[in-house]
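# sequence? don't have it. structure:
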């Protein structure tokens, strides 16, 4: 079963310095039918103007991934974590018992475009933590690259949830296949491009929830970048 979440159906707000789309309910956007999927709670697609950003604010009991598509995102938090995240980098912040952080566009001339992803952790009250890793294009081109997992396997970031997050870069006509174990679910998020998921076509900003399937196949109709979440 595949249930599509179209880009134009997402919540949207343009604050001038921030143009943001919410796949699930977030901030002033609320839809009781769109509160997340399994442990996946937030997928926000953000474009932040040069020199602008999110001032210091707090989070707790959430696994937060930042995935940069264009530009650079400067991060600083109360765990001592910090740095600039650029395309190919993935950042993980475990909010746990509580963390304060800020995120700003690292450039004063170019916008930054990124996805911020929240997963509900498997337990509350963990020690906050920060981690960032780079996944070069050659590891993602034409294949699914694991970027986050509960056991940090294959050099992925460690998250505190039974979820495995993959990304891929696909050229026109390229395909990837992912097997789903019994009882597992998946979410596909198209960051850019256009892909076919079975008989369904997904364009940039579109997402799809997959349940009761043993495998899924993605085929690109044009150069594409896609995230795939394998969820309990």
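Noted; the coordinates are in hand. In this text, all values refer to a predicted model and were calculated from it rather than measured experimentally. Residues are numbered from 1 along each chain as shown.

# Quick check: residue 221 touching residue 195?
Yes - using CB atoms under 8 Å, residue 221 is in contact with residue 195, at 6.6 Å. In this view, the C-beta of every residue, glycine as well, is placed from N, C-alpha and C.

# I'd like the secondary structure assignment at residue 43, please.
Of the three states, residue 43 takes strand under DSSP: H, G, I helix; E, B strand; the rest coil.

# go on, residue 154?
In three-state terms, and counting by three-state DSSP, residue 154 is helix.

# start at 14 instead
Noted, 14 is the first residue going forward, which turns the last one into residue 167.

# residues touching the residue nearest to the spatial centre of the chain, list them.
Most central in the chain under CA atoms, centre = their mean is residue 130, positioned 4.2 Å from the mean C-alpha point. Residues near residue 130 by CB atoms under 8 Å, 6 or more residues apart in numbering: 53, 55, 56, 57, 77, 78, 79, 80, 178, 240.

# Which members of the residues you listed occur in strands, if any?
Members of these lying in strands (criterion: DSSP state E): 53, 55, 56, 57, 77, 78, 79, 80, 178, 240.

# In three-state terms, label the nearest residue in space to the fifth one that is not next to it in sequence for me.
If I follow you right, that is residue 77. Distance criterion CB to CB, 6 or more residues apart in numbering; nearest residue to residue 77, sequence neighbours excluded, is residue 106 at 4.6 Å. Put simply, residue 106 is strand when judged by three-state DSSP.

# can you check residue 152 too?
When classified by three-state DSSP, residue 152 comes out as helix.

# and it, how many neighbours?
Neighbourhood size, residue 152 [other CB atoms under 10 Å]: 17.

# Wait, it touches residue 158, no?
Yes - Residue 152 is in contact with residue 158 according to CB under 8 Å; the separation is 4.9 Å.

# per-domain residue ranges of this structure.
Following automatic domain parsing, one finds the domains of the chain at 23-147, 151-244.

# Would you format these as JSON lines with distance to residue 15 included?
Output for those, formatted as JSON lines (distance: least, CB to CB, whole Å):
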{"stretch": "domain 23-147", "distance to residue 15": "12"}
{"stretch": "domain 151-244", "distance to residue 15": "5"}
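
# want to try CSV for these, with mean pLDDT as columns?
Formatted as CSV, the domains of the chain follow (pLDDT from 0 to 100):
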stretch, mean pLDDT
domain 23-147, 94
domain 151-244, 98
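
# Tell me who's in contact with residue 74.
For residue 74, the contact set (CB under 8 Å, 6+ apart) comprises 108, 109, 110, 133, 134, 137, 138.

# Helix, strand or coil: sort out it for me.
Counting by three-state DSSP, the backbone at residue 74 sits in coil.

# Residue 234 and residue 208: which is more packed in?
residue 208 (27 against 15).

# buried sites along the helix or strand hosting that one?
In the assignment (DSSP states H and E), residue 208 maps to strand 198-210. For strand 198-210, a neighbour-count test (16 or more other CB atoms under 10 Å) marks 198, 199, 200, 201, 202, 203, 204, 205, 206, 207, 208, 210 as buried.
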